[in-house]
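K.L.:
Need a 3D model of the following:
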Amino acid sequence: MPDVLGIDVSKWQVTTPKLTGLSMLFARASIGTQADPRYAQHIKNARKAGLIVGAYHFNWDTLSVKAQVDAFLKAAGNIDFYFVDVEGKHAFSRQQTEEFIDRMHTAGKRCGLYHSASGYFDAGQDYDWVAKWSSSPPDQHWDFWQYRGSPLDLDRFNGTLAQLQALAGIVPAWGTDVAADLRKVDPKAFRVAAAIRKTGLTYGKVINMVDLEEAMKKAKIDFKKAVNPIDVEALLTWSEQH
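P.N.:
From the prediction side, this is the model:
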């Protein structure tokens, strides 16, 4: 199985590193209640290169968790993955981490947790991003593994590119090997997406359930019987580059 690799960056990377051979980039969107000044630059370049993108928030235990969630959501915008980075001198407590993730869920966003393998814990997160700077993977469950730090953080996804796309809620580009994988994994979702595509309605225009239902009618598909919540989520979160 080919490695699905990525990097994570912040303001300390003045220019976006080379993205050749990578599938994902995670960028720091905020620290405390302040936005990272290079977040937009890194995300723009990663999207231009066709990468899956994620945003992470660096915690600060002396500040309001609510204020930090608000700042993070404002800075991150619409993104494939959201994470809270719990580490450092001002690291969140477990209770604060749980509150952060709970508030993200209330806002309608799934949220992962970045933390070191040695002290990794369950705070209700949706994805496990584990830091272990080693050639051997973490002993515990991991979805994303940061396997190197300096001079640039390197990451690996625990699965195939098709699985990463599915986890992000993205339907892959048509005519690719990834799309073929999706057809095998979830043929129902693929048929629905393909039928809607034939109506001429681009995914960027499918912005709510009403638009989706209209598209389904044009495609002559029974909206209530043919689509389950996972299919709907995949269709509504189709990335702009497709």
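
K.L.:
Quick one: neighbours of Ser118, just the number.
P.N.:
Applying other CB atoms under 10 Å, we find 9 other residues in the vicinity of Ser118. Placement of C-beta: from N, CA and C, glycine included.

K.L.:
pLDDT score for it?
P.N.:
In this model, Ser118 is scored at 95, pLDDT.

K.L.:
Need the three-state assignment for it.
P.N.:
Put simply, Ser118 is helix when judged by DSSP: H, G, I helix; E, B strand; the rest coil.

K.L.:
give me every residue that touches it.
P.N.:
Contact analysis of Ser118 by CB atoms under 8 Å, 6 or more residues apart in numbering lists nothing.

K.L.:
And it, how far from Ile79?
P.N.:
Ser118 sits 28 Å away from Ile79, taking CB to CB, to the nearest Å as the criterion.

K.L.:
now His90
P.N.:
Per CB to CB, His90 is found 24 Å from Ile79.

K.L.:
Between those two, which has more neighbouring residues?
P.N.:
Counted by other CB under 10 Å, His90 and Ile79 do not tie: Ile79 has more neighbours, with 22 against 13.

K.L.:
So that one is in contact with Ala55, correct?
P.N.:
Yes: in this structure, Ile79 is within contact of Ala55 by CB atoms under 8 Å, at 4.7 Å.

K.L.:
what do these two both touch?
P.N.:
Shared contacts of Ile79 and Ala55 (CB under 8 Å, 6+ apart): 29, 43.

K.L.:
State the helix or strand in which Ile43 lies.
P.N.:
Assigned by DSSP states H and E, Ile43 belongs to helix 39-48.
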